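Take a look and give me a structure for this.
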Amino acid sequence: RGSATLDRLSLPWLASALALGPVAPAPSGAIWPTARFTDAPTLPFAGILAVKASVVDLGLGLQGRDAGFTLNAAPAGLRLSRLDMRLGEARLRGELGLDRQGGLASLSGDAAIENLPVTALLGAPFTAGRLAAKLRFGTSGESVAGLLANLGGAGDVSIEGLAIDGADPGAPGRLAQRVLRTDEPLAAQRWQPLLAEELGRAPLAAASPVAAPGALVGGALRLSPLRIEAGPGLWQGTATLDLRGLALDMRGALQAKEAPRGWTGAPPTLGLGWAGRLGRIVREADSAPLVGGLATNVLARELDRVD
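Numbering: from 1, shown residues only. Okay, here's the model as predicted:
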């Protein structure tokens, strides 16, 4: 039993030295190494060590600061307990265990993060919000990519102050009114510029914290159901964060809370989602739900003219 204070420490190096053995780099075009683990290394020491480090390399260019944890190293693997570090503006805490059985590695633990800027995680068009999450997870595999592919668990995620550019919650209602005034309201391809214009007027700014349970299956964290209350509109759907490909797939519908004057049926609705690699996420808008409502209203208008 002892203690160590370090200026810098690499967690990937620590995992390789004490449990995984040398890990080959990821092949060209891949994010995670796919080569099988070698035999478990012979430990340079066994015991319990209280570790403090000013800077901790987490891999993929991520760094933690002012870290502290208790390291328990044994021939079968290692344990990190009472892990606590700063991650940019966020705080990360948790427990982690990494074991070896022949060519198989097993990873388990729990983690909690607070005050993580959503923009730092996802990039544009997610321009504001602070994320907090608690997750329990476990996996096993014969490579780093295998560990990610088999990763499972559950937890909860919440975001305060979420804002997403180019998703004005008032867009469905305003667009419905404008389109009904055109000569061909059902020719959706002709009013796509109006759709982009109305969505771009303002961000989708959550009026209250956005919270959802999370299920981690096959390396993908799915949040469902997800609701974003935002003034004149409501977005409902699901979000999946794929840790294997570091990508987001967020799909749902944006519905006006009130129907425009003279509108028949359910309030105007647009299909609205976001998808892509983190940092390169794009908006995906679908006018089909609005076309259905427009058809109902055009028919009602024509029937009124006949009468």
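
pLDDT weak spots in the stretch 101-250 of the chain?
In the predicted model of the stretch 101-250 of the chain, residues 183, 186-188 satisfy pLDDT under 70.

can you give me the strands in it?
104-117, 126-141, 152-164, 204-205, 210-217, 220-230, 233-242, 247-256 (DSSP state E, counting those that start in this stretch).

So which residues make contact with the third one?
Surrounding strand 152-164, the residues in contact under the criterion CB atoms under 8 Å, 6 or more residues apart in numbering are 118, 125-139, 203-206, 209-218, 221, 223, 228, 274. Heads up, the C-betas are built off the backbone N, CA and C, glycines and all.

how about it as CSV, C-alpha atoms only?
Extracted C-alpha coordinates of strand 152-164, given in CSV (Å, rounded to 0.1, in the frame of the first residue of the first chain):
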residue,chain,number,x,y,z
GLY,A,152,-24.4,-2.5,-22.0
GLY,A,153,-25.9,-0.7,-19.0
ALA,A,154,-28.5,1.8,-17.9
GLY,A,155,-28.8,5.1,-16.2
ASP,A,156,-30.3,8.6,-16.4
VAL,A,157,-29.5,11.7,-18.4
SER,A,158,-30.7,15.3,-17.9
ILE,A,159,-29.8,18.6,-19.7
GLU,A,160,-30.5,22.1,-18.4
GLY,A,161,-30.8,25.0,-20.7
LEU,A,162,-30.7,23.0,-23.9
ALA,A,163,-30.8,25.1,-27.1
ILE,A,164,-30.6,23.8,-30.7
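
Partner strands of it and their direction?
Strand 152-164 has the following strand partners under DSSP bridges: strand 126-141 (antiparallel), strand 204-205 (antiparallel), strand 210-217 (antiparallel).

Name whatever forms a beta bridge with Ala212.
Val157.

who does the helix or strand that contains Arg283 pair up with?
Element membership for Arg283, per DSSP states H and E: strand 282-286. Sheet pairing of strand 282-286 (DSSP bridges) gives strand 269-277 (antiparallel).

Could you check the angle the partner strand makes with strand 233-242?
Interaxial angle, strand 269-277 versus strand 233-242 (axes from the mean of the first three to the mean of the last three CA atoms, to 10 degrees): 30 degrees.

Pull the residues that contact strand 269-277.
125, 164, 167, 171-172, 175, 195, 199, 235, 237, 245-256, 281-290, 293.

ok, of those residues, which come out buried?
Those of those that meet the buried threshold are 125, 164, 167, 171-172, 175, 195, 199, 235, 237, 245, 247-256, 281, 283, 285-287, 289-290, 293, by 16 or more other CB atoms under 10 Å.

hmm, back to that, any idea of the mean pLDDT in the strand holding Arg283?
The average of the pLDDT scores along strand 282-286 is 96.

what's the answer for stretch 80-88, then?
Mean predicted lDDT for stretch 80-88 stands at 97.

can you pull the buried residues of that stretch?
Leu80, Leu83, Met85, Leu87.

Could you count how many residues lie near Asn115?
14 (other CB atoms under 10 Å).

Tell me which residues are up against the strand holding Arg283.
Contacts of strand 282-286 (CB under 8 Å, 6+ apart): 125, 166-167, 195-196, 199, 251, 270-276.
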